[in-house]
Structures are given as C-alpha cells and as structure tokens.
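[1] Kindly generate the corresponding structure for this input.
(chains A and B)
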Number of protein chains: 2
Amino acid sequence: MKPDIEGLKAIVGKNNASDEIADLYVYSSDASVHQAMPSAVVRPKTHEEVQEIMRYADKNKIPVVPRGAGSGMSGHAVPIDGGIVLDMKRMNRILDIRPEDVICKVEPGIVNDELNRVLRPFGFFFPPTPSSGNICTIGGMIGTNASGNRAVKYGATRDSLLGMKVVLANGELVTLGTNTRVEASGYQLARLMVGSEGTLGVVVEATLLISPLPKYRAMGMVNFSRLEEAGRAISNIISAGVVPSMVELMDNVAITAVNKALDLGLPDVAAIVIFECNGMVKGTVDHDMESIKKICEGHNGTGIKVSDDPGEMARIYAGRKKLFPSLSKYREGLACVSLADDMAVPISKIADCVHEIHEIAKRNNVIMSAYGHCGAGLIHTKILMDPTKKSQWEDAKRAVKQVYEYVHRIGGTTSGEHGIALSKAPSWKEEKRDSLEMMRAIKRALDPNNILNPHKLMDAPDDWTTATALRYQVKGA
Amino acid sequence: MKPDIEGLKAIVGKNNASDEIADLYVYSSDASVHQAMPSAVVRPKTHEEVQEIMRYADKNKIPVVPRGAGSGMSGHAVPIDGGIVLDMKRMNRILDIRPEDVICKVEPGIVNDELNRVLRPFGFFFPPTPSSGNICTIGGMIGTNASGNRAVKYGATRDSLLGMKVVLANGELVTLGTNTRVEASGYQLARLMVGSEGTLGVVVEATLLISPLPKYRAMGMVNFSRLEEAGRAISNIISAGVVPSMVELMDNVAITAVNKALDLGLPDVAAIVIFECNGMVKGTVDHDMESIKKICEGHNGTGIKVSDDPGEMARIYAGRKKLFPSLSKYREGLACVSLADDMAVPISKIADCVHEIHEIAKRNNVIMSAYGHCGAGLIHTKILMDPTKKSQWEDAKRAVKQVYEYVHRIGGTTSGEHGIALSKAPSWKEEKRDSLEMMRAIKRALDPNNILNPHKLMDAPDDWTTATALRYQVKGA
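    As a prediction, this is how the structure comes out:
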C-alpha cells in the first residue's frame, strides 16, 4: 500500500516528508550497484516522531528502510520493496559528553568526523574510523558494525558501543545495554542490534565508549616484491605483541591506480604496507615502530620510510587515502564497482587470499584490486569492469562467487565491515547456512510484519544482479 | 516428566549419567544461596552427545541446565524446575592454538587458568581473569560475560570471543561468529549467546581472541582517608589516557576483614586502591605507574607503595586476593552471602555508590563490604548476616532492593560480570522492564518448549528468597 503522505507530513512537518519523484530518486540508491524507488521519504527529528512513523507503518504493513548517509556499498539503504525511506540525518545531536566516565551519548544522525571534532577539545575520540568518516553517520556504523583502518588496535563499532535506545517495528521505545564498560545484565541486545542493518529496529540514541586521544603518532611505509612476504610480515607484527594503530596493504593494481591518478611515483612492487603506531609515551611509539621495521626487514621489506612529521605522514598515506577514487581511473572504460568488497580472513591467510583474488580476476575477464586493513584481517577488493556490458556482469558474478568460496574455505567471513544487505547475500547465505533459520526466527520475533528493511540479509534474493535494477546503463552483450 | 536414565546412559555411557541421590545433591547448588534438586546429571564428552541429549529433552519437554564449574553466585546452575543438569566439564579439550592468527579454539569445559597455562609457552594469554579462574570454565565465562580485575584494559569475555559452535534447544548444531578480528556478517549471534546464561543454547566450542603476554608488570597500593577522593582518583586515572591493567578498591570493611583473617596489618583507612600496569616496554609501564602515582597524590592518597618485584607484588595483592574467604571471618556468627554482588556504575559514581551501600547496610541491620574492579566501574559487595535468622533474610532482601534502586538511579546496571539468574532477577527486571518482552520473544523463538535453563532472567520468580530452597538452615525469627 502507498503511504499516506499527508499523514506523514502531519508527523514530521510538511518539509520533512515527500513523495515527489525528484526526492524519491535521490533516495533510490546508495553507494552500491543497486537501485529501487521508495514511495515516500521521511526525515524525523525526534524519537517520538520515529515511534509514530513506525506505529503507522506497522499497522499498515508498509516497509521502512532506515538510512544514514547512504554510503553503504551493499544496498542497505535501497528500498527493495518500496515503502518509506527513513532519513535519520536530522537526528544528529550530541546529547552528553562525560570524560569522567569515558562515554558520550549521541543521536544516530551525527557524522563520525563531526563527533570527533567535538570530542577533540575534551581530549577524546571515538575509535572506529571508516574511510567514509567525513559523511557516514554513527547510526549507519552501528547498522554494519563499521570499523576502518584502526580496528587492529581499537576494534570495531561493537567494541566501543555500550548502550542504545531503539524504536522497534511496533513503535515501542526500548533501552538496551548500559552506561558501563562491563555488563552481565542479561541478553546483550545492544550487541545484537550492531550489524543488524536496520532489520530489527531503528537506533535513536547511542551510548559510546570514547578513548583518550594519543599524544604521539608515527607512520611508516615499506615495499615488498613478494606478496607472501608482506603477508608473513603482517602476521608476525600482530602476533609479536606490538600494537600498531594501523597496518594497511596495497597490491600492485592499487599502486598502479594511485600512481596514474595522483602521479605519486610509488614503486612498482607486489605490495606496499603502511603502518602506524600511536600512544601517550613517545618511547613506546618509537619502540613499536622500530619493532615493525625490523620484522618487515626480516621479510625482505625494502625502502622503508618512517616519520612522525604530520606533513610527511600525510604524504605516506596519500595514496591509500585516495585509493578508492583512483581505481576508477585505472583504465579508460572500466568502472570501479563495489562487490565482494570487504572480506575478513585469518591474519596468516592474507597473502594467499590476495593472490587467489588476482587469479580469479584473470580467469573471469575482470580486474580486481586488493588492499585494506590487513592488520585486522580485513581485505578490500574492487572489481574493475565495463558496467555497460551485460557479459561483464556475468563475469563479475562468477568472480564474486569464486572469491567467496575461497574466503570461506580458508576460514574467512563474507564481510568485515561493510555488511551484507543485497550484493553479498548470496555468498553470505552459503557461509551462514546453518544459522539462517535462527536469524529468521529472531527477525520474526521482533518484526512479525516484516516491515523493517525487508528482504535483506537472510531474506535477500539469491541473485544480486537481478535483485534490483542496476545503477548502470547496461547495453547488453 | 522424569528423564529416562537408561536412555541417557546409552548416550553418554553408564558412568556419565546418574539419578542417584548423592550425585543429584552435589548438583543441586552452586556458589549462590539457592538450592534445588535435578532429576538427572549427565556429563557429555562430544557435541554429538549434547545434540542427542537436547533432541531427547526437547521432544519430552525436560528442562536442561548447562553447568560449568558451578562457581556462579546468582543461581545459574540451580535446576529450579528439576530436569537434567548438563555438566560440561568433560568437554575440556584445547582444539587449536594459532599464534599467527592470534586465536585459539577450545571446548567449553576447559578451566580458564588451565587454558592460560597451555597458552603461556606460546607467549599468549586469554585476557578475562575472573577471581575464580582456577576453577571456572570458559563455557561458564561465556554464559555470564565474565571479566575480572583486568577488564579495565582488556574488556570482558565478549570482547575476546570471536565465534562459537552452539547446540540449540532442538539439538541443531550451529556455527556463530567468525575466526576474524572484525566481522560485519549479519546478526552477531555469538555476541547474543554471551551472557545468555544457558537459556538460548549450549556452547560446545569457542573461538577466542588471544593476546600476547606483556613482558613487564608493576603494581602499586595507595591509602585514602576519604572515599570520595579514592573515587575521584580512579575516575581521573581512567580518563587521563593511562591504561592500567588493574585498578582495585577495598573499603574499610574489606580492610578490616583481611587484617583479621590474614594479619596483614593494612592501615585502617576508608579505602585502599591497588593498581597495576603492564606492557611490552618497561619505559611505558614506569611512565604509567608514575602518572597514576601523581594522580593519587593529587587526591591526597598516602603511603604509596610501588614495586615490580613479583614477591612484593604478590604481597601487595595478597589482601585483595584472599578477600572473599576473609569476609566470612569478619565477625563470629556472620556468614558472607553473595547478593547484589557485582553492580557496575559509571566510573565517576563509584565513591557515591560505595558510600550509599554502607548507609543502606546500616539502615537494614546487615554489614556490607564494597570492593572490586573499580577501574571498569565494577563494584563487588557481599552481605555479612546471620543466615540462620529468618529476619536477617528480610533485612538482606530490603538492603538488596535499596542498593539496586540507587545503582539504577545513578545510571548503573544490576550485574557487571556475575550475571542475573535468580538472586538478581527481581531488581534486574526493574532495570530492564522495557526490554523484557523483547528477551522473551527471542527466548520463545529459539527455545519454543522453554527447556534451556528455564525460569531464569526475565522468567525468574519475583522473590529470590523464596525462588528456591536456601542453602542455609533458617531457624526462623
């Protein structure tokens, strides 16, 4: 049924609800390959408004898709069944900052970097640092258990999330979790909400564990002519007891792409590893950097650059920072498509996995780049393909399937930080086949009318290429 | 219905199932005040045996209470509805240790200290360190999200648990979570299992994140004549960016008790704070110890002792280590009873809370000691009372209720690491009243016949003093 737009305007005000085609189009896609039109867009300002909207939607069985910045790469915010897109960005207040308790309370629409700008004068920060930090919202980060390049030291969103207020499908407001670092107070429902991709409830407030800002920071860069040696070095760093705040890998495709796009003149090697250490004591940072340097040298790492100068560190990280946009410039006519984009594997398997990804790409007439937060076992890949050719989508589909079959075989998981939604659902359903029924039972128990972001995850279509329209003009052949 | 003991013996072997009164009595209580007789005790060795037992129990609607060491203080392992107690201690193998991936895989019956003994030669340890580490099992620690005195640095069990295999109520075996540090692969069901107290499934395997053993360690001890100053010092330490590996508090009752029991000659002050720092670099440990010392001096801490000598550190911690048994010796005729024993509060509220606990004890004719892992906001209390007097149980019940009302008022939570089960359920139900239905819906979805540790948590009786028989001879009056 089509939502009653006047009724929705009565809840949130006439400027914050719309069913005009231009608005609907804007909310028909996110950073994924998918596209589908909603019937209405609603932008609530308070949890009471969210409760009213949910009560209305539940009563009338209208799908509701909660949305943060729309930076998700797997189709989380794409309203596959139409219905209401709930834009949470107006609920962006910071409600409380309590350094004495090392926590803060925020609304879900606050942007990650903005929160950190406000926390900085207090001497604190919120550790998860997705590359999309300048646009992504805390609500979206909770939805996918986002982490980013510092997960190797600080973990993911789940590790810095203590409690939350959530509006359930029926409009009820519940308080989950606590304000405390430890808890053993029954079912950890706040942790269940993390990574549930808007299918179990709408987060309207979050209590976050904040960390004191480190006083010192240093960064290094090292080249490897052989992937296996880069992989072994990374595994040794993590198991040596050094605690780097970042260990990033760039493969040769990534290196070529940033050289072409940014003219950085990075060496044409198999892999570049970028590492960072931070802390309150300069001696420790220096000691850790030295240990990492030694380990890399022990694995034939060459051309090691190390610096604690902000400008020089920015230059060291420049290539990695601009990698995603650079990949689109890798070759004329190839687009950089987000599929199979963030698998996580046991740390010792990183090199094997990157190698296999390259082999699979070759076999399937696409180019795949592998890079990412390898200190936490996280590998990002992008598929470089001609999205106008139907055949290339078939190539991509085959490549994605083969990559995940390999990832699962070596004990890895489908998604490390971006989530499942639509694009990754087919392979993920293979990985989780013995617990899908458990997830469906929980979904039915908490959302009996199946209105919250329906047909994602365990209920997603089995073919992502036809799950929705694609955000590309496919000419066929 | 009474379980068919011959059928159970056919599954686990005749020596591993019993309905003899002596065996049943042994399994009728844990470290809580509660007592109830099971109908049978079964000790499986494999997950296939657990699956068979669960299929049988589910078909015949027989309650099953999974049990580790029985060191729980709130009644988790007490079979309030009779049925089968499932003793998991025979499933105690370490299945895999992978330093290169910083993980290990274990069965749930392995004892925490035993696991750490085996990990030590590899240079690793499993961070959660409950005081009962020498007897408690990993399965039990998962059941209550146990943490211990190092939670301030390493977090709780949930923070070091990556994945698990679980047998559900219907006997199905499911694999939850991953082998990886980060994951965004759908509902975080492994995290949901943590703290579910055996009500949602039987953990038969766990994948744990292990940490490299620190090379250096130092410990300190400081006296405070005023509780508020101890509390402010602790809050300042945590928010200063120092990362101690331990911050313990002992109140005057605790000090008196250990002096009496162990003749340690600790000063008769309002509070003693014991702190520890560890790490890979001596300079950092020294720097952090010095920072903590300065903060304590800034809050009028006196008699500061600091040492990195193992013998001296053992002496510093001796009183805290033996505190629990010592409390029973506080006064002739008073028993040390575990009730309201592990609330967690925002760190800045610790002193207020300890003070209020003393006031409430006075008002209710009992003695309460407050101590514990205050760096993580965790306060342990014990009630010293005459358990043979009916009136004292009424006093205790009133005191417990008032303590929790206060804890909830200041934004704290009912349990920080011991769990809810029976003793804490009444007050916990007040704290979680708006999410109890959500928990019941999940419980019904995963255990429709309500056979897994039934009538605990949200389904526990409203009066713990009559929830079960008490483990004490109450003479009345």
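[2] Please report how far the residue nearest to the spatial centre of chain A lies from chain B.
    Computing the C-alpha centroid of chain A and ranking residues by CA atoms, centre = their mean puts residue A:418 first, at 3.1 Å. For residue A:418, the distance to chain B under the criterion CB to the nearest CB, to the nearest Å works out to 6 Å. Just so you know, the C-beta spots here come from the backbone N, C-alpha and C atoms, and that holds for glycine as well.
[3] Could you list the domains of chain A?
    Per automatic domain parsing, the domain ranges recorded for chain A read A:94-212, A:216-327.
[4] thinking again about what came up before, so the residue nearest to the centre of chain A makes contact with residue A:340?
    No: Residue A:418 sits out of contact with residue A:340 when judged by CB atoms under 8 Å, with a separation of 10.3 Å.
[5] In chain A, which helix is the longest?
    What stands out as the longest helix in chain A, according to DSSP state H, is helix A:390-409.
[6] name the helices or strands packed onto it?
    For helix A:390-409, the elements it packs on are strand A:342-344, helix A:350-363, strand A:378-385, helix A:425-431, helix A:464-467, judged by 3 or more CB pairs under 8 Å, 6 or more residues apart in numbering or on different chains; DSSP states H and E.
[7] Just say which of these is most tucked in.
    When you average the neighbours per residue for each of those (mean count of other CB atoms under 10 Å in any protein chain shown), strand A:342-344 leads with a mean of 29.
[8] Is it in proximity to chain B?
    Yes: part of strand A:342-344 sits near chain B under the criterion CB under 8 Å from any CB of the partner chain, namely A:342, A:344.
[9] Give the residues shared as contacts by residue A:418 and residue A:340.
    Residues touching both residue A:418 and residue A:340 (CB atoms under 8 Å, 6 or more residues apart in numbering or on different chains): residue A:424.
[10] if we can go back for a sec, contacts only, for the residue nearest to the centre of chain A.
    Contacts for residue A:418 were tallied using CB under 8 Å, 6+ apart; they are A:72-74, A:144, A:146, A:338, A:341-342, A:424, B:184.
[11] let's see it at 7 Å
    With CB atoms under 7 Å, 6 or more residues apart in numbering or on different chains as the criterion, the residues that contact residue A:418 are A:72-74, A:144, A:341-342, B:184.
[12] again with residue A:19
    With contact set as CB under 7 Å, 6+ apart, residue A:19 has these partners: A:5, A:39-40.
[13] hang on, the earlier thing: out of the contacts of residue A:418, show me where the pLDDT dips lowest.
    For the contacts of residue A:418, the weakest pLDDT value sits at residue A:341, with 92.
[14] what number of residues lie near that one?
    Neighbours of residue A:341 under the rule other CB atoms under 10 Å in any protein chain shown: 24.
[15] my guess is it meets residue A:73, correct?
    Yes: under the criterion of CB atoms under 7 Å, residue A:341 is in contact with residue A:73, at a separation of 5.6 Å.
[16] Just the CA atoms of the worst-scoring helix or strand of chain A on mean pLDDT, as PDB, please.
    Within chain A, confidence by mean pLDDT, DSSP states H and E is lowest for helix A:464-467 among all helices and strands, at a mean of 86. Presented in PDB, the C-alpha positions along helix A:464-467 are these (Å, rounded to 0.1, in the frame of the first residue of the first chain):
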ATOM      1  CA  TRP A 464      22.300  -9.800  -6.700                       C
ATOM      2  CA  THR A 465      22.500  -8.800 -10.400                       C
ATOM      3  CA  THR A 466      18.700  -9.100 -10.700                       C
ATOM      4  CA  ALA A 467      17.800  -8.300  -7.000                       C
END
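[17] Off-centre distance for stretch A:268-285?
    Computed by CA atoms, centre = their mean, to the nearest Å, the chain-centroid distance of stretch A:268-285 equals 23 Å.
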